[in-house]
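Participant: Kindly return the folded structure for what I paste below:
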Amino acid sequence: MKLYCATTNPGKLREFQLAASKAIEIEPLPGLELMSPCEETGATFEENAIQKALHYSASYNGYLFAEDSGLEVQALGGAPGVYSARFAGPWATDDQNNRLLLDSLAHTDNRNARYVCVIALTHTSKLLRTFRGEVQGSILKSARGSAGFGYDPLFYFAPLDCTFAELSQERKQTVSHRGQALNAMLAYLREALL
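Facilitator: Residues are numbered from 1 along each chain as shown. Predicted structure coming up:
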């Protein structure tokens, strides 16, 4: 079975493809870069994931998923949250977002944070369901590791005593928020298709 993913983020696509099974192949939605982008106006990851999935599924008859994910930091009242990719501005780089996060936490000892991912699955423009994954961690005072993307170099995961940027793609997938949500969706699809 081929399942299309509506993302232009190569890091996210790599993680999804890595976790896919032989029975379910994940591919980028053909022509996605030529489609009008979905405006993300939701206040939650769920709302944004659903908006994106329904927007892009209007152009495709089959199974398609979109996701919204980000970092919620306790001391910042859950920010950057749904604005994680654009925390430092609409065209911010990962480095700029990470610098702003460190600056925002400079005067607090509370560095508790969590990564959240919500996937919305559609079939022929109909929402089937959503799948959520979360992982708890904390924000370091300086970056460690060179793998991953986004806030991974700052996100410390205590059970493995490392940041997400110090993990291999394969290992990260087994513990990450994105891996949890994707595995739940794949399990649902395997059951639905039996």
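
Participant: helices and strands around the lowest-mean-pLDDT helix or strand in the chain, which ones?
Facilitator: Lowest by mean pLDDT, DSSP states H and E among the helices and strands of the chain is helix 10-19, with a mean of 80. Applying 3 or more CB pairs under 8 Å, 6 or more residues apart in numbering; DSSP states H and E, we find helix 10-19 packed against strand 2-5, strand 25-28, helix 169-175, helix 177-193. For every residue, glycine as well, the C-beta is placed using N, CA and C.

Participant: And the third one, how far out from the chain middle?
Facilitator: Looking back up the chat, that one is helix 169-175. Helix 169-175 has its average C-alpha position 13 Å from the chain's average C-alpha position, going by CA atoms, centre = their mean, to the nearest Å.

Participant: Return the residues in contact with Ile50.
Facilitator: Ile50 makes contact with Gly42, Ala120, Leu127, Thr130, according to CB atoms under 8 Å, 6 or more residues apart in numbering.

Participant: part of a strand, is it?
Facilitator: No. Read with DSSP: H, G, I helix; E, B strand; the rest coil, Ile50 is helix and lies in no strand.

Participant: For it, give me the pLDDT.
Facilitator: Ile50 carries a pLDDT score of 97 in this model.

Participant: do Glu33 as well
Facilitator: Value for Glu33, per-residue pLDDT: 84.

Participant: Now it: closest residue in space that isn't a chain neighbour?
Facilitator: Distances taken as CB to CB, 6 or more residues apart in numbering place Thr8 nearest to Glu33, at 6.4 Å, with adjacent residues excluded.

Participant: what about His123, neighbour count?
Facilitator: Residues contacting His123 under the criterion other CB atoms under 10 Å number 16.

Participant: Just the CA trace of the least confident helix or strand of the chain, in CSV.
Facilitator: C-alpha atoms of helix 10-19 as CSV (Å, rounded to 0.1, in the frame of the first residue of the first chain):
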residue,chain,number,x,y,z
PRO,A,10,12.7,16.7,4.3
GLY,A,11,13.7,15.8,7.9
LYS,A,12,10.1,14.8,8.8
LEU,A,13,9.7,12.9,5.6
ARG,A,14,12.9,10.9,6.3
GLU,A,15,11.7,10.0,9.7
PHE,A,16,8.3,8.9,8.4
GLN,A,17,9.9,6.8,5.6
LEU,A,18,12.3,5.2,8.0
ALA,A,19,9.5,4.0,10.3
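
Participant: Just the angle for it relative to helix 177-193, thanks.
Facilitator: Our comparison of helix 10-19 with helix 177-193, counting by axes from the mean of the first three to the mean of the last three CA atoms, to 10 degrees, yields an angle of 50 degrees.

Participant: in a strand, that's where Glu47 is, yeah?
Facilitator: No. With three-state DSSP as the criterion, Glu47 is assigned helix and is not in a strand.

Participant: so how far is Glu39 from it?
Facilitator: When distance is defined by CB to CB, to the nearest Å, Glu47 is 12 Å away from Glu39.
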